[in-house]
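Visitor: Sequence first, predicted coordinates after that:
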Amino acid sequence: MSGYLDIRNVSKAFNVSGRELQVLRNVNLSVDKGEIYGIIGFSGAGKSTLARCINRLETPDAGEILVDGVDVVKLKGKELRQERRKVGMIFQNFNLFEAMTVEKNIAYPLEIEGVKKAEIKKRVQETAELVGLADKLKAYPGGLSGGQKQRVGIARTLIGQPDVLLSDEATSALDPQTTLNILDLLKDINERLGITILMITHELDAIRYSCDKMAVLENGQITESGAVADIFRNPQSKTGELFAKVSKEFRRAENFTDGEGI
Amino acid sequence: MSLLDTPLWEVIKASFSAKVWSGLIGAIGDTLYMTIVSSLIMLVFGLVGGIVLTIMCPDGLFPARGAYTVLGGLINILRSLPQMVMIIIMIPVARAIFGKSYGTNACIIAIAASCIPMYARIVESSLLEIGKGKIEAARSLGSTNFQIITRILLPETLPSLLRGFTVAVIGVISMTALAGMFGAGGIGDIAVRFGYQRFQHEVLFACIYILVLLVQGTQWAGSFISNRILKKRCLLATADGGIKAHRVNRNKNTQQNIENKREEKTIVVKKEAIL
């Protein structure tokens, strides 16, 4: 098996006050081009570390991470920085630059690359329109709502024309309605631009709403992976089972309140 | 005119007389000159020192444990010297550079030597305030370390850096007054020679007014600029501005509520589609 994004036998341990903490153990994952792939797991399962390894904010101790055939684990210096632009990342707490306007935030990746001003202006305008922020370009992030902030985060990543988008709990700090809007935006981007999206989250509904395939990460290991519907119907792992159960409970509760007419 | 034989009120009245102030003009110039030049030197070297400290610390951009420990230790040693001792130690250095150990320029060396380490620590603590996530975001977008420092680290912490600089400049002002004891000239020199040695308390009072005004002015300017930046970035709500923003937001909210309700319906439809 070999997909567009291939994670092979990746392991990572951290040294926490003298004790070795194994966060990822032999993770194997294959994502095809243009897919929206979900990774679900509880807090501390190693989801964020996995995302950070793909973007090389962290270096895995062992294993290979192939993005379009290039092993990003081996990259250094300039090549690594170029590769990072190809693998965009959006964050739970947005991590926008508060000293810059929305326009400057979105333009940042092009400015550090030394792209011409006129070209930057054109592409910022296009990207802002794509994410629905064209009227907010002169505002500062401090004055925006959570959903708008995440749109800036998405635009800032998209302007570098990435092949893969890593969404590290990107909707976890947003209210349900805004979450839905952002997920719609991600789906739209995926369809229009063909960007492969790896959606890392603990929100089952987010995965069910937008992903074709998913994997369950439990204690640093992938315990099951496959089509989203299959895992829901017939979960094989403890985490998968628990998530499916919680989701069913919520749906029961929802139906109940619907019946009450609240 | 001494407080020993003159009532307080008379001394205060005399402290505003033209005679007292005409003798102070030169000293004010000296104090301003020492403060401005020392502050600029402190700004440059302290900023560099603070940046170096920040990026070399174990989880910084260029972790260098050994160099970090050495530099940190050096700063601690320099900071443990009281300002007065530092002025005495710097006498031979000033003599080597300017050929004399007194005067405003000679004392600028001592002031800089004493205030640079302090300001470096203030800069370090300001720079460490930045959210680690912002630096990660900058890295994930392909920035070099140099770009992270110049485009993210410094601009993001600018309001805090400015407030720290204000604190440090006030430190410089107080040290110029102390340096007056050691032949630096300026307000401190006048306060010692006339206020202390000759019991001319009206001159001492005038010196106090000037120092208070200098410090107040510096603090006001620093806070004003820092708040302006925060306000521009929508990170600070002033009393009236906050209320205005709140009102606007409330209007927006009602409008958004209507939209929300509209969208909620579509959500229900979508949810049904998923289920």
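Guide: Great, that's in hand. Numbering: from 1, shown residues only, chains lettered A, B, ... in the order given.
Visitor: For residue A:202, see how far away residue A:227 is.
Guide: Note on residue A:227: its distance to residue A:202, by Cβ to Cβ, to the nearest Å, is 20 Å. C-beta: built from backbone N, CA, C; applies to glycine.
Visitor: Neighbour count for those two, which is higher?
Guide: Legend: neighbour count by other Cβ atoms under 10 Å in any protein chain shown for residue A:227 and residue A:202, higher for residue A:202 (16 against 12).
Visitor: Pretty sure the more buried one sits against residue A:48.
Guide: No. Here residue A:202 lies out of contact with residue A:48, judged by Cβ atoms under 8 Å, at a distance of 10.6 Å.
Visitor: Show me which residues of stretch B:57-69 are buried.
Guide: When burial is assessed from 16 or more other Cβ atoms under 10 Å in any protein chain shown, stretch B:57-69 yields the following buried residues: B:57, B:60, B:61, B:68.
Visitor: Mind checking which of those land in helices?
Guide: residue B:68 (DSSP state H).
Visitor: May I ask which two of the buried residues of stretch B:57-69 are separated the most?
Guide: Pairwise distances across the buried residues of stretch B:57-69 (Cβ to Cβ) peak at 12.0 Å, for the pair B:61 and B:68.
Visitor: Based on its surroundings, how many neighbours for residue B:98?
Guide: Count around residue B:98 with other Cβ under 10 Å applied: 15.
Visitor: need the contact list for it.
Guide: Residues counted as contacts of residue B:98 (Cβ atoms under 8 Å, 6 or more residues apart in numbering or on different chains) are B:105, B:106.
Visitor: Distance-wise, check it relative to residue B:175.
Guide: Counting by Cβ to Cβ, the separation of residue B:98 from residue B:175 is 18 Å.
Visitor: can you give me phi and psi for the residue of the stretch 101-250 of chain B found nearest chain A?
Guide: Residue nearest to chain A within the stretch 101-250 of chain B: residue B:234 (3.3 Å; Cβ to the nearest Cβ). Backbone geometry at residue B:234, expressed as degrees, to the nearest 10, gives phi 60, psi 30.
Visitor: Any chance you could note which residues of chain A sit beside chain B?
Guide: By the criterion of Cβ under 8 Å from any Cβ of the partner chain, the positions of chain A lying close to chain B are A:55, A:57, A:81-82, A:84-85, A:87-89, A:91, A:93, A:95-100, A:108-109, A:111-113, A:139-143, A:153, A:156-157, A:160, A:176-177, A:180-181, A:208-209, A:251.
Visitor: Buried ones among these?
Guide: Of all these considered here, the ones buried according to neighbour count by 16+ other Cβ under 10 Å are A:55, A:57, A:81, A:84-85, A:87-89, A:91, A:93, A:95-100, A:108-109, A:112, A:139-142, A:153, A:156-157, A:160, A:180-181, A:208-209.
Visitor: Around residue A:220, count how many other residues there are.
Guide: Residue crowding around residue A:220 was assessed by other Cβ under 10 Å; the count is 23.
Visitor: again, but for residue B:100
Guide: Residue crowding around residue B:100 was assessed by other Cβ under 10 Å; the count is 12.
Visitor: so it sits right up against residue B:109, yeah?
Guide: No. Residue B:100 is beyond contact range of residue B:109, at 11.6 Å (criterion: Cβ under 8 Å).
Visitor: can you list residues touching both of these two?
Guide: Residues within reach of residue B:100 and of residue B:109 at once, by Cβ under 8 Å, 6+ apart, are residue B:94.
Visitor: Just the element for residue A:170, please.
Guide: Using DSSP states H and E, residue A:170 sits within no helix or strand.
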